[in-house]
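1. mind looking at a prediction? Sequence and model below.
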Amino acid sequence: MSGAAGTIRAISGWVVRAHLDQPLVMRELVHVGTERLIGEVVGLDRDEANVQVYEETSGLAPGEPLFGTGEPLSVELGPGLLGEVFDGVQRPLRALAGQEGDFIGRGSRAPALDREKLWTFSPRVKVGDEVQAGSILGVVQETAMLLHPIVVPPGISGRVTSIAEESPRRVEDVIATVNDNKLTMLQRWRVRTPRPLLERLPLEVPLITRQRVLDTFFPLARGAAACMPGGFGTGKTVTQHQLCRWSDADVIIFVGCGERGNEITHLVRELPELIDPRTGRLLSERTILIANTSNMPVSAREASLFTGVTIGEYYRDLGFHVVLLADSLSRWAEALREISGRLEEMPAEEGYPPYLSSALAAFFERAGRVKNLSGTEGSLTLIGAISPAAGDLTEPVTRHSQRFVRTFWTLDRQLAAARVFPAISIRASYSDVPPAMERWWSEHVSPSWSSLRVEALAFLEEAGRCEETARLMGVDSLPERERFILGMAEEFREGFLSQNAFDPVDSACEPAKQVEMLEMYMKKVRG
């Protein structure tokens, strides 16, 4: 019990109540029990503390000690993140599996970044230079296609008094001294605190996904946020895998938040074998996977989103364009609901905590296209999948998410049943396309993009009305013009909206080709 901050009094699932002998602070990282399980303080009441534990609590007993660390939940940032698989609190799963096998024991630890791996550090400053937060001290080749800048951490500035020569270094080796601050390639950052930036830039450059229905009708700005709600079997997972492969991004972060273990296992096994169409090398060289499956502790699921977004902000601050895909926000919200119930908080609609909206806002607001502290431009685009029960888009997670995103990709069960993938509903989806983004398409792809898009949407809207009439009265009772519209809509759906993710040619479609195809179909519609 020596050095313990308190004693466990009660255990409810992944929530532990402890009596404190020493003061703790909210959101402090703690070690729970004799096995020192990872936990975080989520409530304080005089000398009582509520702790959510990020590991399995079976076998934990009242009377065991609670140890404070004096630090918040943080992640390690630096070279070596790309290609790795972490859990919700950034434990490296491959390294732990190598130590303990497929079943990882409670209290197991391993540093997120390999402490022994050598990186060839190449300096970019010299002794006597003045630097500030964000200034590039040097670079290392993290992967064959990504040069990783080593920057001055936030809050530090001054004169360089020493700098390492070009040589292999470990992440904890001192590479530079700025005034009296000894700097390494390793940084730590609180997961719930957004990283600083100079200014936010307007969202005027699209994120090219090479998926026709998305780029043409519901484009997503680089640095914006999007939601993708859809019921079971509507193709969310395949669509997200397509976004991983074809999105115009430097770094991809996939957060498997509460997904089934077999799906994540399939992804972990498949990802290293996929060829990145952008580089011709392995896709894993620019991908980070955060796996917190449905059979892992619920509390770690809640933290996994913020672990992922903090890593994304780090690469954004290095001047890269990052896309983070979260699958799914529904299961993340379910974790919030379960933890809230264990804490005996007053429930709101459908049992979710009253702060569900605030929690979603804290996630989505960290998207952005920004000017970094170094003066470079970077972006973090957030795409959250939602799995509403029975496809109900009025349920709380979907409805609250709509308040914070400007792009909404709704997956339609009827389209999926008709084998139209991606099953994006034209009538139930939307995207805010600012004039600046229209100008980008006009200048970089085709001046006719905006007018063609408006014309095609109007045609599909008319086709939708004709389909409703045909269901009531029958196709044969429609006028010839409306029967023609229905036929063209079916051809348009099969030839343009549908895209085969497993076809080597049709899997991706460049923007210029999208416009040419759209022009061809619109000429047919005009007659």
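-> Perfect, thanks for sending it.
2. ok, how many other residues are close to the closest residue to Lys117 other than its chain neighbours?
-> Once its chain neighbours are removed from consideration, Lys117 has its nearest residue in Gly80; the separation is 6.3 Å (Cβ to Cβ, 6 or more residues apart in numbering). From N, CA and C alone the C-beta is placed, and that goes for glycine too. Counted with other Cβ atoms under 10 Å, the neighbours of Gly80 add up to 22.
3. now the one 4 residues further on
-> Here the neighbour count serves as a burial measure; for Glu84 (other Cβ under 10 Å) it reads 20.
4. list the contacts of it.
-> With contact set as Cβ atoms under 8 Å, 6 or more residues apart in numbering, Glu84 has these partners: 92, 94, 112, 288-289.
5. now with 6 Å?
-> The neighbours of Glu84, taking Cβ atoms under 6 Å, 6 or more residues apart in numbering as the test, are Pro92.
6. let me see the backbone angles for the residue nearest to Lys117.
-> Here the main-chain torsion angles of Gly80 (degrees, to the nearest 10) amount to phi 110, psi 0.
7. separation between it and Leu274?
-> 21 Å (Cβ to Cβ, to the nearest Å).
8. identify the spatial nearest neighbour of Pro153, chain neighbours not counted.
-> For Pro153, the nearest residue in space outside its immediate sequence neighbours is Gln187; the separation is 5.2 Å by Cβ to Cβ, 6+ apart.
9. show me the beta-bridge partners of the one you found.
-> For Gln187, the beta-bridge partners under DSSP bridges are Leu77.
10. could you list the low-pLDDT ranges of the stretch 51-200 of the chain?
-> Low-confidence segments of the stretch 51-200 of the chain, defined by pLDDT under 70: none present.
11. all helices for the stretch 101-250 of the chain, in order.
-> In chain order, the stretch 101-250 of the chain shows helices spanning 212, 236-246, with DSSP state H, counting those that start in this stretch as the criterion.
12. I should have written the chain there, sorry.
-> Using DSSP state H, the helices of the chain run over residues 93-100, 212, 236-246, 261-270, 298-317, 329-342, 356-364, 396-402, 413-417, 435-444, 449-473, 480-492, 511-526.
13. wait, which of those helices is closest to Gly107?
-> Counting by Cβ to Cβ, Gly107 lies closest to helix 93-100 out of the helices of the chain; the figure is 10.9 Å.
14. residues in contact with that closest one: which ones?
-> Residues outside helix 93-100 that contact it (Cβ under 6 Å, 6+ apart): 85, 87, 104, 108, 110.
15. list the contacts for the third one?
-> If I follow you right, that is Ile104. Contact criterion Cβ under 6 Å, 6+ apart gives Leu96 as the residues in contact with Ile104.
16. which residue is nearest the centroid of the chain?
-> Centroid-nearest residue in the chain: Leu324, 2.7 Å away (criterion: Cα atoms, centre = their mean).
17. OK, contacts around that residue?
-> For Leu324, the set of contacting residues under the criterion of Cβ under 6 Å, 6+ apart consists of 253, 308, 312, 382.
18. could you give the bridge partners of it?
-> Taking DSSP bridges, one obtains Ile253, Leu382 as the residues bridged to Leu324.
19. next one: it from Leu289, what distance?
-> Per Cβ to Cβ, Leu324 is found 11 Å from Leu289.
20. just Pro123 next, same as before
-> Pro123 is 32 Å from Leu289, by Cβ to Cβ.
21. before we move on, what about Ser304?
-> For Ser304, the distance to Leu289 under the criterion Cβ to Cβ works out to 11 Å.
22. compare those two (neighbour count), which wins?
-> Ser304 (28 against 21).
23. any idea how far the residue nearest to the more buried one when sequence neighbours are not counted is from Arg301?
-> Across the structure, with Cβ to Cβ, 6+ apart as the measure, the residue nearest Ser304 apart from its sequence neighbours is Gly88 (3.4 Å). When distance is defined by Cβ to Cβ, Gly88 is 6 Å away from Arg301.
24. re earlier: just the helices of the stretch 101-250 of the chain: most buried one?
-> Each of these was scored by mean neighbour count; the highest is helix 212, a mean of 23, by mean count of other Cβ atoms under 10 Å.
25. chain center to that helix, what's the gap?
-> 22 Å (Cα atoms, centre = their mean, to the nearest Å).
26. quick one: contacts of that helix?
-> Defining contact as Cβ under 6 Å, 6+ apart, one finds that helix 212 is touched by 496, 499, 509, 514.
27. again, 10 Å this time
-> 422, 424, 495-499, 506, 508-509, 511, 513-514, 517-518 (Cβ atoms under 10 Å, 6 or more residues apart in numbering).
28. ok, back up a step: out of the contacts of Leu324, which is nearest to Arg195?
-> Distances from those to Arg195 were compared by Cβ to Cβ; the smallest belongs to Gly312, at 9.7 Å.
29. which residues touch that closest one?
-> Residues counted as contacts of Gly312 (Cβ under 10 Å, 6+ apart) are 195, 251-253, 255, 288, 320, 322-324, 366-367, 378-382.
30. show the buried residues in those.
-> Listed as buried from those are 195, 251-253, 255, 288, 320, 322-324, 366-367, 378-382; burial here means 16 or more other Cβ atoms under 10 Å.
31. where does pLDDT dip in the protein?
-> In the predicted model of the chain, residues 1-2, 272 satisfy pLDDT under 70.
32. domains in it, by residue range?
-> Annotated domains of the chain cover 6-72, 114-186, 198-427, 449-526 [automatic domain parsing].
33. what distance separates the first one from the centre of its chain?
-> Centroid separation for domain 6-72 versus its chain: 29 Å, with Cα atoms, centre = their mean.
34. check the second one too.
-> Relative to the chain's own centre, domain 114-186 is displaced by 27 Å; criterion: Cα atoms, centre = their mean.
35. could you do the third one as well?
-> Its chain's average C-alpha position is 5 Å from that of domain 198-427, according to Cα atoms, centre = their mean.
36. can you give me the end-to-end span of that domain?
-> Using Cα to Cα, to the nearest Å, one end of domain 198-427 lies 39 Å from the other.
37. what of the last one?
-> Its start and end residues considered, domain 449-526 measures 17 Å (Cα to Cα).
38. in stretch 466-473, what's buried?
-> So for stretch 466-473, counting by 16+ other Cβ under 10 Å, buried means 466, 469-470.
39. again with stretch 261-279
-> Applying a neighbour-count criterion of 16+ other Cβ under 10 Å, the buried positions in stretch 261-279 are 264, 267-268, 271, 276.
40. circling back: mind putting the helices of the stretch 101-250 of the chain in JSON lines, distance to Tyr54 included?
-> What follows is these, written out as JSON lines (distance: least, Cβ to Cβ, whole Å):
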{"stretch": "helix 212", "distance to Tyr54": "41"}
{"stretch": "helix 236-246", "distance to Tyr54": "25"}
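41. His31 is nearest to which of those?
-> Proximity of the helices of the stretch 101-250 of the chain to His31 was assessed by Cβ to Cβ; the nearest stretch is helix 236-246, lying at 35.0 Å.
42. other SSEs contacting that closest one?
-> Other helices and strands packing on helix 236-246, by 3 or more Cβ pairs under 10 Å, 6 or more residues apart in numbering; DSSP states H and E, are strand 225-229, strand 251-257, helix 261-270, strand 287-292, strand 321-327, strand 377-386.
43. mind running it again at 7 Å?
-> With contacts defined as 3 or more Cβ pairs under 7 Å, 6 or more residues apart in numbering; DSSP states H and E, the secondary structure elements packing on helix 236-246 are strand 321-327, strand 377-386.
44. tell me what angle the last one forms with strand 225-229.
-> Okay, so that is strand 377-386. Interaxial angle of strand 377-386 relative to strand 225-229 (axes from the mean of the first three to the mean of the last three Cα atoms, to 10 degrees): 20 degrees.
45. nearest to Gln240, of the contacts of helix 93-100?
-> Taking Cβ to Cβ as the measure, Gln240 sits nearest to Val85 out of the contacts of helix 93-100, at 16.5 Å.
46. what is the closest one paired to in the beta sheet?
-> Listed beta-bridge partners, Val85: Leu289 (assigned using DSSP bridges).
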